[in-house]
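Trainee: Okay, structure incoming, though there's no sequence with it:
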């Protein structure tokens, strides 16, 4: 036996900010709810007072998969207490109380960030949706339209570059296909990634075509739970320069060292606050 719905009590959890903050691209906002797919399960999430209400399309006996994905066990207050006590960080936290990190599937996270190169969040969501519709497994949903899981590594590896380009991937198509084939050809130790240190896993991921440090760090943070990792993309680069170096022009190396040392053991959390705050509230160009 199982349940079609469950309510999880939460404290200081901003579901809207978390699902819209550029760490996952499988979620769609529909009125007061969010609909998405986690693995091969369609899910509808809704924020209620002091709780998150979840619905699924078929009964599930165990909700640990959702608790882990939403990271409901994390004590956010404990995380925030480790942030540096400086004005940019205080402002970001004040603007986004309750922003969380998710724990995603390694492959879907890796593929999504390979697709993210030079694209905005709405465009990445579109590519993820098109790939899922064409090459993903259809799954039962409680929504109004057919729903699909994200395509497997095997499904993407079997695609032609032209098929992937039809999903608006552009130059990302050979990188995504190449990464899938590299994993299947065992060019990296894919199965061992969850047991590796941050530096070991980063080096392994960067052996894949189209994967530099930024993409690797996003995978480490959003899928691997390496919360000390601080991905630096164009938004964070601009935000750090404007907020922490307003009168100087730090080199890329200096900026990287600052990112790696200034933000503490939960630097990845700090990065997410700065990233979303910069994108939504500071309107950085």
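Mentor: Structure received. If you're wondering where the values come from, they're calculated on a predicted model, not measured in any experiment.
Trainee: Now for the chain: which helix has the highest residue count?
Mentor: Assignment by DSSP state H gives helix 121-135 as the longest helix of the chain.
Trainee: List the buried residues for it?
Mentor: By neighbour count on 16 or more other C-beta atoms under 10 Å, the buried set for helix 121-135 is 124-132, 135. For every residue, glycine as well, the C-beta is placed using N, CA and C.
Trainee: Kindly reformat the residues you listed as TSV containing distance to residue 178 and pLDDT.
Mentor: Output for these, formatted as TSV (distance: C-beta to C-beta, whole Å; pLDDT from 0 to 100):
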residue	distance to residue 178	pLDDT
124	19	95
125	23	95
126	22	95
127	16	96
128	18	97
129	22	96
130	19	97
131	15	97
132	20	97
135	16	98
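Trainee: closest to residue 146 among the residues you listed?
Mentor: Nearest to residue 146 among those is residue 132, at 10.1 Å by C-beta to C-beta.
Trainee: which other helices and strands contact the longest helix of the chain?
Mentor: If contacts are counted by 3 or more C-beta pairs under 8 Å, 6 or more residues apart in numbering; DSSP states H and E, helix 121-135 sits against helix 106-115, helix 153-157, helix 161-165.
Trainee: Make CSV out of those and add mean pLDDT.
Mentor: Converted to CSV, the helices and strands packed on helix 121-135 look like this (pLDDT from 0 to 100):
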stretch, mean pLDDT
helix 106-115, 97
helix 153-157, 98
helix 161-165, 96
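Trainee: any idea which of the ones you listed is most buried?
Mentor: With neighbours taken as mean count of other C-beta atoms under 10 Å, the helices and strands packed on helix 121-135 reach their highest mean count in helix 106-115, at a mean of 24.
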